[in-house]
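> here is my input; please provide its structure:
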Amino acid sequence: MTPYPKDEMTHPMTPDNATAQGPAVHGPPAPDHLAAEEQLLVPAVVMTPEGPMEGYAAVVADGAFRAVGPAARLEREHPHLTPVRLPGHVLMPGFVDAHHHLTQSFGSALAFGEPSEIFRRVWVPLEGALDEESAYVAAKLAALESLRGGFTTVSDAGTRASVDLDVVATATRDAGIRCVLGLVCNDAADAEGVEGAGGGARADGAAALAAAEAHLARYAGASLVHPSLAVSVPDAATANTLRGTARLAAEAGAVVQIHVNEHLAAVERSLVRHGLRPLEYLREAGALGPQLLAAHATLVTPAELTLLADTGTAVSYNPVASAWKGNAVAPATTMAERGIRFGLGTDGTRGDAFRLAEAAEFAQRLAYGLATGDSSCGAGWSWLERGGAGGADAVGLGALTGRIAAGAAADFLLVDVSGPEMRPSWDLPWELVRRGNRDQITAVFVAGRLRMWQGRAVGWDDRALVQRAAELAAEVVGRAGVTRVHPTSTQARARSAVR
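Residues are numbered from 1 along each chain as shown. Prediction:
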């Protein structure tokens, strides 16, 4: 069996196959006009770090923004470039998914209605049933969904699949998305069902740290794949490995991704074993710091918020995961007030960036705002910022992506704001959070290259991938022995009718 799908799913973009992705629409030009190595883009609005700017433009060259500023000035300074005018469109940063599980895409809909800790019954067996081809297709399917939803970067927290991690790296490269790729470094025994063994657990700490060092070196300097280390939960690694991965990541300018304080069971398990809550245990092990990306952090005490703030530890706030399978909602507005670094993550629930931003605000309003009379809950702009620059900072790429500014990577979206969702417009950032949707995303660029056009991949056959994924998913789930507690919605409806 070859590890990767057919060649036509990964061939490079050419103007001919780019224009075949769909007819031109009012406003932006056809994709071949957006495929130049150097471009002067003139949209209606540029979403800069200072806010939305009308009459602005951006020069893209060599995969980065060469200049951003008033359109008239940039047109004078770059007379050799023909301006690409984009009426009715916003040029805005691509979103960063600060927490994903790319190889779980075949089972993302299996979590509906399930109790919170489902890793033993769903994720461990599902990822354990993946081979090279199915792991590649699952990861590329997740990357496709993410690109369609406006994400230009995803942070993968590690896979339990027993494949070379380059299979996942290749899938994301072929899809054209930027990926922070986590290598699981678990080395603790899987005592009492800790989310560890089968998640990349190694025989001893020395082997785990050697693998970690090799992984960081393997992808050092790669263009779209950025190495990261991962531990499933604090109890899945020994204290020495927690310290060691923190040191290696800090030295490499990378992050260590760990699920922290997500579920009641995990907090209670840590209290029984260590007499400490998970974040407290990480502090004792010497693992807190700017290199740590704490996934979820939904169940945090005031003292733990102080730990996060004082150590510079970053958090992935995953509001959809809280709604679908969590025990609580992270106090994100409080984190922002305390200066805690955080981004937004999907946890693999759905790759739709605008709906994630809406969920981020919505969850804060329901969980905290209603009880305190806070009708603002971040004032809209907070969630765009955390979905872009904040997320980039949390995953260790703050100097590279997440903003429209000279020198930053050209990872951006062209969003159509000419429709009824955005007209009339009074407050564009908040409107994008509450009313924006992925159907408005005309184009997605990563590293200056057009990757998606009107919801379709550019340069490879996304429909063939989706078809192959459907075939493989049935095989993988069938042999994985997944156990669900909740019936399907159809079965639940039938049972309700019987009553």
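
> for the rest of this, base every contact and every neighbour count on C-alpha atoms.
Fine.

> need the longest helix for the chain.
helix 462-480 (DSSP state H).

> ok, so what distance separates the nearest residue to Lys140 once chain neighbours are set aside from Phe119?
Computed as CA to CA, 6 or more residues apart in numbering, the closest residue to Lys140 that is not its neighbour in sequence is Ala171, at 4.8 Å. Separation of Ala171 from Phe119 (CA to CA, to the nearest Å) stands at 23 Å.

> one more: Pro424?
Taking CA to CA, one finds Pro424 at 46 Å from Phe119.

> out of the two, which sits in the busier spot?
Set Pro424 next to Phe119 and count neighbours by other CA atoms under 10 Å: Phe119 wins out with 14 against 11.

> all strands of the stretch 301-450 of the chain, in order?
Remark: strands assigned in the stretch 301-450 of the chain by DSSP state E, counting those that start in this stretch are 314-317, 341-344, 412-416, 441-446, 449-453.

> quick one on the thing from earlier: tally of neighbours for the residue nearest to Lys140?
25.

> that one: what's it in contact with?
136-137, 139-140, 143 (CA atoms under 8 Å, 6 or more residues apart in numbering).

> low pLDDT regions in the stretch 1-150 of the chain?
For the stretch 1-150 of the chain, the stretches flagged by pLDDT under 70 are 1-30.

> for the stretch 151-300 of the chain, that is, sorry about that
189-203.

> those helices in it, which residues are they?
166-175, 205-218, 239-252, 264-274, 278-285 (DSSP state H, counting those that start in this stretch).

> looking at those helices, which is nearest to Ala389?
Counting by CA to CA, Ala389 lies closest to helix 239-252 out of the helices of the stretch 151-300 of the chain; the figure is 20.1 Å.

> just the CA coordinates for the closest one, please, in PDB.
Output in PDB follows, covering the C-alpha atoms of helix 239-252 (Å, rounded to 0.1, in the frame of the first residue of the first chain):
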ATOM      1  CA  ALA A 239       8.400  14.800  35.900                       C
ATOM      2  CA  ASN A 240      11.900  14.500  34.300                       C
ATOM      3  CA  THR A 241      10.400  14.300  30.800                       C
ATOM      4  CA  LEU A 242       8.100  17.300  31.500                       C
ATOM      5  CA  ARG A 243      11.200  19.300  32.500                       C
ATOM      6  CA  GLY A 244      13.200  18.000  29.600                       C
ATOM      7  CA  THR A 245      10.600  18.800  26.900                       C
ATOM      8  CA  ALA A 246      10.100  22.300  28.400                       C
ATOM      9  CA  ARG A 247      13.900  22.800  28.200                       C
ATOM     10  CA  LEU A 248      14.200  21.500  24.600                       C
ATOM     11  CA  ALA A 249      11.200  23.500  23.400                       C
ATOM     12  CA  ALA A 250      12.400  26.700  25.000                       C
ATOM     13  CA  GLU A 251      15.900  26.300  23.500                       C
ATOM     14  CA  ALA A 252      14.300  25.700  20.000                       C
END
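
> ok, back up a step: let me have the helices of the stretch 151-300 of the chain in CSV, extended by distance to Gly150.
Below are the helices of the stretch 151-300 of the chain laid out as CSV (distance: least, CA to CA, whole Å):
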stretch, distance to Gly150
helix 166-175, 13
helix 205-218, 27
helix 239-252, 28
helix 264-274, 32
helix 278-285, 32
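
> what's in contact with stretch 280-287?
234, 239-240, 242-243, 246, 270, 274, 288, 304.

> okay if I get the contacts of Ala171 as TSV plus secondary structure?
Formatted as TSV, these follow (DSSP: H, G, I helix; E, B strand; the rest coil):
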residue	secondary structure
Tyr136	helix
Val137	helix
Ala139	helix
Lys140	helix
Ala143	helix
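
> and which of those is nearest Gly339?
Ala143 (30.8 Å).

> tally of neighbours for that closest one?
29.

> so it makes contact with Thr170?
No. Using CA atoms under 8 Å as the test, Ala143 is too far from Thr170 to be in contact (11.1 Å).

> out of the strands of the stretch 301-450 of the chain, which is the most enclosed?
strand 314-317 (a mean of 31; mean count of other CA atoms under 10 Å).

> summarise which helices and strands it is packed against.
Judged by 3 or more CA pairs under 8 Å, 6 or more residues apart in numbering; DSSP states H and E, strand 314-317 is in contact with strand 292-296, strand 341-344, helix 389-394.

> put together CSV for those, with distance to Phe362 on each row.
CSV is the format used below for the helices and strands packed on strand 314-317 (distance: least, CA to CA, whole Å):
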stretch, distance to Phe362
strand 292-296, 16
strand 341-344, 13
helix 389-394, 18
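
> can you select the buried ones from the contacts of stretch 280-287 in ChimeraX?
Per 16 or more other CA atoms under 10 Å, the buried members of the contacts of stretch 280-287 correspond to this ChimeraX selection:
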select :234,239,240,242,243,246,270,288,304
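
> quick check: the two most widely separated of the contacts of stretch 280-287?
Longest span within these, CA to CA: Asn240 and Glu304, 21.9 Å.

> list the helices and strands the longest helix of the chain packs on?
Against helix 462-480 (3+ CA pairs under 8 Å, 6+ apart) you get helix 124-128, helix 132-148.

> right, and the helix or strand after it?
Under the assignment DSSP states H and E, the closest C-terminal helix or strand after helix 462-480 is helix 489-498.

> which residue is the nearest non-sequential neighbour of Ala208?
Per CA to CA, 6+ apart, closest to Ala208 is Cys185, 5.3 Å.

> that neighbour and Ala464: what is the separation?
Distance from Cys185 to Ala464, by CA to CA: 34 Å.

> these two: who's more crowded?
Looking at Cys185 and Ala464 with other CA under 10 Å, you find the greater number of neighbours at Cys185, namely 30 against 13.

> look up how far His215 lies from the more buried one.
From Cys185 to His215 the distance is 10 Å (CA to CA).

> do His263 as well
29 Å.

> likewise Gly150?
28 Å.

> likewise Gly339?
Distance from Gly339 to His215, by CA to CA: 31 Å.

> out of those two, which sits in the busier spot?
A side-by-side neighbour count of Gly339 and His215, using other CA under 10 Å, places His215 first with 19 against 15.

> dump the residue contacts of the more buried one.
183, 227.

> repeat that for 6 Å
For His215, no contacting residues are found, by CA atoms under 6 Å, 6 or more residues apart in numbering.

> since we're on Thr483, how many residues are nearby?
12.

> one more: the one 5 residues further on?
Burial measure for Thr488: 13 neighbouring residues, criterion other CA under 10 Å.

> quick check: it vs Phe354, distance?
27 Å.

> hmm, back to that, tilt between the longest helix of the chain and helix 166-175?
Counting by axes from the mean of the first three to the mean of the last three CA atoms, to 10 degrees, helix 462-480 lies at 160 degrees to helix 166-175.

> what residues sit buried inside helix 462-480?
462, 465-466, 468-469, 472-473, 476-477, 480.

> equivalent analysis for stretch 393-413, please.
393-398, 400-413.

> run through who's touching that stretch.
By CA under 6 Å, 6+ apart, stretch 393-413 touches 48, 63-68, 91-94, 254, 314, 342-343, 388-389, 392, 443-448.

> again with stretch 324-335
By CA under 6 Å, 6+ apart, stretch 324-335 touches 116, 263, 297-298, 322.

> most neighbours, which of those?
Most crowded among the contacts of stretch 324-335, counting by other CA under 10 Å, is Ala297 at 28 neighbours.

> now do the contacts for that residue.
260-262, 330.

> closest one of those residues to Ala222?
Closest to Ala222, out of all of the contacts of Ala297 and judged by CA to CA, is Val260, at 28.6 Å.
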